[in-house]
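[1] Okay, predicted coordinates and the sequence, questions at the end:
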Amino acid sequence: MASSLDKLRALTDRLEDKLSSNESVSEQETVIQETTVIDKVEVIEDVKPLVDVIIPDLIESEELEEELSQQVREENVVIIENLYNELKIYEKSPDFDNIFVYKAMNLSGIGLKEEDFGEVRAGKYIQVIAITYEPDENGKKKAKNISLGYFGKGDTIDPILKNKIIEFVLRWRYEKAFQNVQHYKELIAKLQIPTE
């Protein structure tokens, strides 16, 4: 399919080149222009079978990808809710759906960067921290940290519990990314493509 797409692009480029080179036409160029029109028809006839094959495949592929993405997202939310209950996040945030209102979520006491992923920081306490932005007295938005779960000193944490805490934060971020993508898709859909 990639080669068909490359052929389509090459033919489109060729057609655009021919169109742009024929902007100023004099009487002497009429014969050349008629030949170009014939070439354009040939190019369109060459492209049409490719378009008839590629476009339905692309649409089907996008629909399948969207469906798989939705399944992954639904499964992820179920796991987040299970971890939410198991880690007793509900004690600090009683409504499960409200945990996605937060702008970000971090983990203190355990590294989440590539170079220190999963490492417990010596002498630190483990907390799941949600971040929200609220206006201060001047009306400026200011970050506010909210502890959603406190799990004690990192040096003594059970490795299984540590992994569940990490998984909760990562899966929350994954769902938040889905929500952000959906938000931008909706905004883009609101745009009207200008017609000439």
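    All right, it came through fine.
[2] Leaving out sequence neighbours, find the closest residue to F117.
    Nearest residue to F117, sequence neighbours excluded (Cβ to Cβ, 6 or more residues apart in numbering): G111, at 5.9 Å. In this view, the C-beta of every residue, glycine as well, is placed from N, C-alpha and C.
[3] Let me see the domain layout of the chain.
    2-72, 89-190 (automatic domain parsing).
[4] Find the nearest non-adjacent residue to N163, please.
    Nearest to N163 is G118, by Cβ to Cβ, 6+ apart, at 7.7 Å.
[5] meant to ask about F168, not that
    L83 (4.2 Å).
[6] after whichever strand or helix holds the one you found, next one along is what?
    For L83, the element it lies in under DSSP states H and E is helix 30-86. With elements assigned by DSSP H and E, the helix or strand that comes after helix 30-86 is strand 104-108.
[7] Not counting its own residues, what contacts that following strand?
    With contact meaning Cβ atoms under 8 Å, 6 or more residues apart in numbering, strand 104-108 is reached by 112, 124-131, 148, 165-166, 169, 172-173, 176.
[8] average model confidence for the helix or strand where V128 lies?
    Using DSSP H and E, V128 maps to strand 125-135. For strand 125-135, mean pLDDT rounds to 89.
[9] Show me what that strand is packed up against.
    Using 3 or more Cβ pairs under 8 Å, 6 or more residues apart in numbering; DSSP states H and E, the elements in contact with strand 125-135 are strand 104-108, strand 141-153, helix 159-190.
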